[in-house]
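Novice: build me a model from this:
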Amino acid sequence: DRESVLDVCDAALGDKAYYKHDGSLSDGFEIVTHPMTLAAHKALIDWGFTKTISDMGCRSWQAKTCGLHVHVSRSAFIGQRHLALFQFLFLNNKTVMTAIAGRDSDRWATFEGVKRNVIPEMKGKAWRARYEAINVTNENTIELRMFRGTLNHLRVLAILELVDAAFHYTRTMTAKQYAEGASEFDRFANWFMQREEYAHLTKFTTDNLTNSISR
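Specialist: From the prediction side, this is the model:
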């Protein structure tokens, strides 16, 4: 029952997260972690709880309306150039990114708006729509909505690492580097695969292409 599920979640998450109603779910709730770094998400949360609640009958990947959303503080970006390049990294690699995300949703996370909001966003005149792969309508955060909901904690960690890696990879990217193909996924992958903090993403990226990772 829901109370037992919440007890398991509370034991693992404590004060690191809270729960809220989500109108897109027919019978469920949304788990929202408080703002924290990638390292904190790994160190402070026992992600094994996701398997426990899955064994108790909870579902996320199988439910068509579940999504996994990742927020990045808008103030963390080094100006509009950084934000634009961050968006372009996802836009220019839609096929790979949607494969990692586990879905390509025109209803909940379309890529169409990304094409229309990147450059205007740099000028403070973004094409505003919420249900985008990268939602820029929030005042304080940039929201990545493309990921399919999952109770596979390895996939959760890989996704968190993907967003963190994309943020740091594009932080120092120059216009010249972008023009020379720095946003191509193989260049990005070569970068994050050399960094220990993205070990889950490295393994997941390889495994996901062969569908050998459990969902």
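
Novice: least trustworthy helix or strand in this structure by mean pLDDT?
Specialist: In the chain, the helix or strand scored least confidently by mean pLDDT, DSSP states H and E is helix 112-122, which has a mean of 54.

Novice: helices or strands up against whatever helix or strand H168 lives in?
Specialist: Per DSSP states H and E: H168 is located in helix 153-171. Contact here means 3 or more C-beta pairs under 8 Å, 6 or more residues apart in numbering; DSSP states H and E; on that basis helix 153-171 packs against helix 38-44, helix 49-55, strand 67-73, helix 79-91, helix 94-101, helix 185-192, helix 199-209. Placement of C-beta: from N, CA and C, glycine included.

Novice: residues touching the most centrally placed residue in the chain, list them.
Specialist: Among the residues of the chain, V70 comes closest to the average C-alpha position under C-alpha atoms, centre = their mean, at 4.3 Å. When contacts are counted by C-beta atoms under 8 Å, 6 or more residues apart in numbering, V70 touches 143-144, 147, 159-160, 163.

Novice: list buried residues within these.
Specialist: Taking 16 or more other C-beta atoms under 10 Å as the criterion, what is buried in those is 143-144, 147, 159-160, 163.

Novice: tell me the one of the residues you listed nearest E196?
Specialist: L160 (15.0 Å; C-beta to C-beta).

Novice: residues contacting that closest one?
Specialist: If you count contacts by C-beta under 8 Å, 6+ apart, L160 has them with 38, 41, 70.

Novice: would you turn these into CSV with pLDDT and distance to W47?
Specialist: As requested, the contacts of L160 are exported to CSV (pLDDT from 0 to 100; distance: C-beta to C-beta, whole Å):
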residue, pLDDT, distance to W47
L38, 96, 13
H41, 96, 9
V70, 96, 15
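
Novice: gap between N190 and F88?
Specialist: Relative to F88, N190 is positioned 18 Å away (C-beta to C-beta, to the nearest Å).

Novice: give me the neighbour count for M56.
Specialist: Using other C-beta atoms under 10 Å, M56 has 11 neighbouring residues.

Novice: what about it? Give its phi and psi, please.
Specialist: phi -80, psi 0 (degrees, to the nearest 10).

Novice: so what's F167 up against?
Specialist: Contacts for F167 (C-beta under 8 Å, 6+ apart) come out as 72, 76-77, 86.

Novice: ok so, going back, following the least confident helix or strand of the chain, which helix or strand shows up next?
Specialist: Per DSSP H and E, the first helix or strand lying C-terminal to helix 112-122 is strand 134-135.

Novice: before we move on, the earlier item: okay, N190 and F88: which has more neighbours?
Specialist: When neighbours are counted by other C-beta under 10 Å, F88 comes out ahead of the other of N190 and F88, with 18 against 10.
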